[in-house]
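> Take a look and give me a structure for this.
(2 chains, ligands or ions: 1)
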Amino acid sequence: MKSFIAVALFAGIIAMASAENYACHTNVTVGCTNNVQTPVICHARFGGIDNVESGIQSYINLNLHKSYQYLLMSAFYNSYQKNRPGFNKLYKSMSDRSFDDAIELIKHVTRRGGQVDFRAISQHPNSIAQSKLKLEEDELHSLGIALDIEKTLTADATHVHYQSTHGRPHDPHTAHFVEEKYLGRQADSVRQLSGYVNDLSKIMNQRDPSLGVYLFDQYLEKQ
Amino acid sequence: MMKLFAALLLLAVAVNAQMTCRLEQQRIPTEWIGLNDKTGQCLEEMRKQIQMEINASNIYLAMAAHFSRDVVNRPGFAEHFFKSAREEREHGSKLIEYLSMRGQLTESVTDLIQLIDVDVKVESGADALRQALELETKVTKSIRSLIKTCEKSPNWYHLVDWLTGEFLEEQLTGQRDLAGKLSTLSKMMASQGALGEFLFDKQL
Ligand SMILES: [Fe+2]
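A predicted model of the protein is given here:
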């Protein structure tokens, strides 16, 4: 009797695991027998895409906003008055990275049958207009802004990861993608910037740190 | 008296050890920048042009996202528009670098770029190419009028040359490329639209 129950249970598990949804096949069958004019549409959505789609959209918008904020910060340090090639290079590379991230995320969500649009991108709470951020800052303040930006980006990535592991159903594919592409790298980036801020604030802890800031910029340029 | 002296000394040390965040602004001559009332209009339009390039980048990004969708499934078009989005961002970035080279952007950079809402409706691959061609034509017109404004001031002769030689050049070859693609695609789709677009996408 016991073994019978075990077998029945096992069979049940197998049946659950392989329970199939014939939505696409049904679509095709209906489309072909009714001789409809519009083509049959099947989609790629599976797993927890419903739970992560809006979070990824928000993360994409954030990356685009931050990419342009970094671009403007790098431009500011490229002016003849600032003339800090190290800071210019640091912020430009972070701007490029965030732009690349936005594109990677668009590819991820559409790979999963999702969609992306920019119909409300200006409303994002982290846009320059909404956050009333002023980017014309001196070296130390700008590093502080950059650290804050990196933490905001990390929080958004973590949020998408949370949605993918805590929503029902889970979305392990998105969780893996976020872990592999963003979480480790963001931790490195946050750590690097906090180190920069702390180093520079020690260097600036004196009456005239002009030469110190110059040397720090030279150091950044060589990174 | 001694105590007061010690306190003063301590204060002096404390002040000495205070963080100095804002380095003193050094006075650099500005005559070389050659800025006057006449050059201001050109600058204003340069800033607008930067925003226009960024807007174009976002429109192309939205188009690329559209063609990436499973129900649309045009990877060739998607890659094409991702590439265009990168190029437009690069154009904006180049214009910014030019302004830095000319002694600008020492202040007020924050309001240089805003991300505005983009609502792209694309019906087909051909429709997207048509919209892209329209957009590029608009950008070309804008660069021409920018050139017209800037050539009024001798200070911007170099900018005019650069815009004409580099930007217009890219606009013109880009427009020709889009028009050619649209022409080929339209011919491929003449009698078998779906198959024509499918094949065109794969060789994009
Ligand atoms: Fe452009």
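> what about stretch B:34-41, average pLDDT?
Average pLDDT, stretch B:34-41: 76.
> Over to stretch B:123-134?
Here the average pLDDT along stretch B:123-134 is 97.
> CA atoms of it as CSV?
Output of stretch B:123-134 as CSV, limited to C-alpha atoms (Å, rounded to 0.1, in the frame of the first residue of the first chain):
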residue,chain,number,x,y,z
GLU,B,123,3.6,49.9,-38.0
SER,B,124,6.2,48.0,-40.0
GLY,B,125,9.9,48.0,-40.9
ALA,B,126,9.2,50.3,-43.9
ASP,B,127,7.3,52.7,-41.6
ALA,B,128,10.2,52.8,-39.2
LEU,B,129,12.7,53.6,-42.0
ARG,B,130,10.3,56.3,-43.3
GLN,B,131,10.1,57.9,-39.8
ALA,B,132,13.9,57.7,-39.4
LEU,B,133,14.4,59.4,-42.7
GLU,B,134,11.9,62.1,-41.7
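> Any residue of it touching the ion?
No - figure legend: stretch B:123-134 not in contact with the ion (Cβ under 5 Å from the ion); closest approach 11.2 Å. Placement of C-beta: from N, CA and C, glycine included.
> What residues sit buried inside that stretch?
B:124-126, B:128-133 (16 or more other Cβ atoms under 10 Å in any protein chain shown).
> Need the residues you listed in CSV (columns: secondary structure).
Output for those, formatted as CSV (DSSP: H, G, I helix; E, B strand; the rest coil):
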residue, secondary structure
B:124, coil
B:125, helix
B:126, helix
B:128, helix
B:129, helix
B:130, helix
B:131, helix
B:132, helix
B:133, helix
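> how about CSV for those, with distance to residue A:115 added?
Output for the buried residues of stretch B:123-134, formatted as CSV (distance: Cβ to Cβ, whole Å):
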residue, distance to residue A:115
B:124, 17
B:125, 17
B:126, 21
B:128, 16
B:129, 21
B:130, 22
B:131, 18
B:132, 20
B:133, 25
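> how close does the residue lying closest to residue B:89 once chain neighbours are set aside sit to the ion?
Closest residue to residue B:89 apart from its sequence neighbours, by Cβ to Cβ, 6 or more residues apart in numbering or on different chains: residue B:57 at 4.4 Å. Going from residue B:57 to the ion by Cβ to the ion, to the nearest Å gives 8 Å.
> got it, and residue B:80?
From residue B:80 to the ion the distance is 15 Å (Cβ to the ion).
> Who are the contact partners of residue 58?
As the question left the chain open, I've gone with chain A. By Cβ atoms under 8 Å, 6 or more residues apart in numbering or on different chains, the residues touching residue A:58 are A:124, A:156, A:159.
> not what I meant, chain B
Residue B:58 is in contact with A:64, A:118, A:121, B:85, B:115-116, B:118, counting by Cβ under 8 Å, 6+ apart.
> What helix or strand is it located in?
If you go by DSSP states H and E, residue B:58 is part of helix B:37-68.
> Going by neighbour count, which residues in that helix are buried?
B:39, B:42-43, B:45-47, B:49-68.
> Between helix B:37-68 and the next helix or strand along the chain from it, find me the angle.
Beyond helix B:37-68 on the C-terminal side, the first helix or strand identified by DSSP H and E is helix B:75-101. Between the axes of helix B:75-101 and helix B:37-68, defined by axes from the mean of the first three to the mean of the last three Cα atoms, to 10 degrees, the angle is 160 degrees.
> Could you pull up the mean pLDDT of helix B:75-101?
Helix B:75-101 shows a mean pLDDT of 98 in the predicted model.
> other SSEs contacting that helix?
Here helix B:75-101 is seen to pack against helix A:49-76, helix A:85-111, helix B:37-68, helix B:125-150, helix B:193-202 when contacts are counted using 3 or more Cβ pairs under 8 Å, 6 or more residues apart in numbering or on different chains; DSSP states H and E.
> do that again at 10 Å, thanks
helix A:49-76, helix A:85-111, helix B:37-68, helix B:125-150, helix B:157-162, helix B:169-188, helix B:193-202 (3 or more Cβ pairs under 10 Å, 6 or more residues apart in numbering or on different chains; DSSP states H and E).
> Quick one: closest of those to residue A:142.
Nearest to residue A:142, of all the helices and strands packed on helix B:75-101, is helix A:49-76, at 5.9 Å by Cβ to Cβ.
> Can you mark which positions in the closest one are buried?
A:49, A:51-53, A:55-76.
> how close does residue B:90 sit to residue A:52?
According to Cβ to Cβ, to the nearest Å, residue B:90 and residue A:52 sit 31 Å apart.
> go on, residue A:200?
For residue A:200 relative to residue A:52 (Cβ to Cβ), the value is 38 Å.
> Could you tell me the backbone phi and psi angles at residue 22?
You didn't pick a chain, so chain A it is. According to degrees, to the nearest 10, the main-chain angles of residue A:22 amount to phi -100, psi 30.
> not quite, I wanted chain B
Per-residue torsions, residue B:22: phi -100, psi 110 (degrees, to the nearest 10).
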